[in-house]
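from the sequence below, what's the structure:
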Amino acid sequence: MTGASSGIGLALATEFVQHDYDLVVCAEDAAIHRAADALSVSGAAITPIQVDLRTSDGVESLYSTVIASGRSLDAAALNAGVGLGGPLVENDLTAELDMIDLNVKSTVHLAKRVLVDMVARDEGRVLITSSIGSTMPGSFQAVYEGTKSFLQSFAEAVANELKDTGVVITSLMPGPTDTNLFHRAEMADTRVGQGSKDDPSEVARQAFEALMGGDQKVVAGSLKTKTMEAANKVMPDALKAEQHRKMAEPGGGC
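As a prediction, the model looks like this:
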């Protein structure tokens, strides 16, 4: 379970422990240890690991912790990610490349490690957190939405590759959710940053049910989010880009 110290990741971890899973939980910040303490109250065995998944060493450390128990990995939730808003030509390049390393590179790296084992056993489940944003050009979130589009395509492609195995790949597509993402992405002054957001616990519940049900993808959250995804299937890309611009343009929420 990556990105498990807060937000959707912590809510997902809570869903898993409520369904009798023991967990290895990971995040880059020290809050992962507090989250592990809270999760362990359930009686589940919780192993926290604080690593930077932007690095290959961080991913390998997490994977080594997972296999060190000697137990088979029944399910993995690849949820770690960060956002960044603002104009592409003004944003810091290092921050954007770091985001690609975390959102994309670490997910592919970890998926590769856990899926090889799962396919060999012909069983296992992997949840990959994409976004409703993967269905539209993300003006003023160009790199972030690009990473989510990659993850959506990646998850659906690998699910097809493994359709004749006992391994399930589910992509989670939440809409705007009440987490720290918009604050960290410097988007507090945007319409989407100031607008209503979905409950991460509800998003996690729907995601867990979809993963256990063998669904290929789930648009999780409120009816508003599900309606947005349905509209994006038929709306021209240029119009979607313009609508996203209105939601994410700096100062647009003032």
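
from here on, contacts and neighbour counts on C-alpha atoms
Fine.

any idea how far residue 54 is from residue 106?
Computed with Cα to Cα, to the nearest Å, the distance linking residue 106 and residue 54 is 6 Å.

by contact count, what packs against the top helix by length along the chain?
As assigned by DSSP state H, the longest helix anywhere in the chain is helix 142-161. Using 3 or more Cα pairs under 8 Å, 6 or more residues apart in numbering; DSSP states H and E, the elements in contact with helix 142-161 are helix 93-100, strand 124-129, strand 167-174.

output these as CSV; include the columns distance to residue 50 and mean neighbour count.
Supplementary listing: the helices and strands packed on helix 142-161 in CSV, determined by distance: least, Cα to Cα, whole Å; neighbours: other Cα atoms under 10 Å:
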stretch, distance to residue 50, mean neighbour count
helix 93-100, 17, 15
strand 124-129, 20, 24
strand 167-174, 24, 26
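
what residue ranges in this protein score low on pLDDT?
254 (pLDDT under 70).

how about the strands in it?
Assigned strands in the chain, in chain order: 23-27, 46-50, 75-78, 124-129, 167-174, 217-220 (criterion: DSSP state E).

pull the CA atoms of the longest one into PDB?
As requested, the backbone C-alpha atoms of strand 167-174 are provided in PDB (Å, rounded to 0.1, in the frame of the first residue of the first chain):
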ATOM      1  CA  VAL A 167      -4.500 -11.700 -11.700                       C
ATOM      2  CA  VAL A 168      -6.800  -8.700 -11.500                       C
ATOM      3  CA  ILE A 169      -5.800  -5.200 -12.400                       C
ATOM      4  CA  THR A 170      -8.200  -2.400 -11.400                       C
ATOM      5  CA  SER A 171      -7.700   1.300 -12.200                       C
ATOM      6  CA  LEU A 172      -9.100   3.700  -9.700                       C
ATOM      7  CA  MET A 173     -10.400   7.000 -11.200                       C
ATOM      8  CA  PRO A 174     -11.400   9.400  -8.400                       C
END
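
from here on, call the first residue 23.
I'll keep to 23 as the first residue from here, and by that count the last item is strand 189-196.
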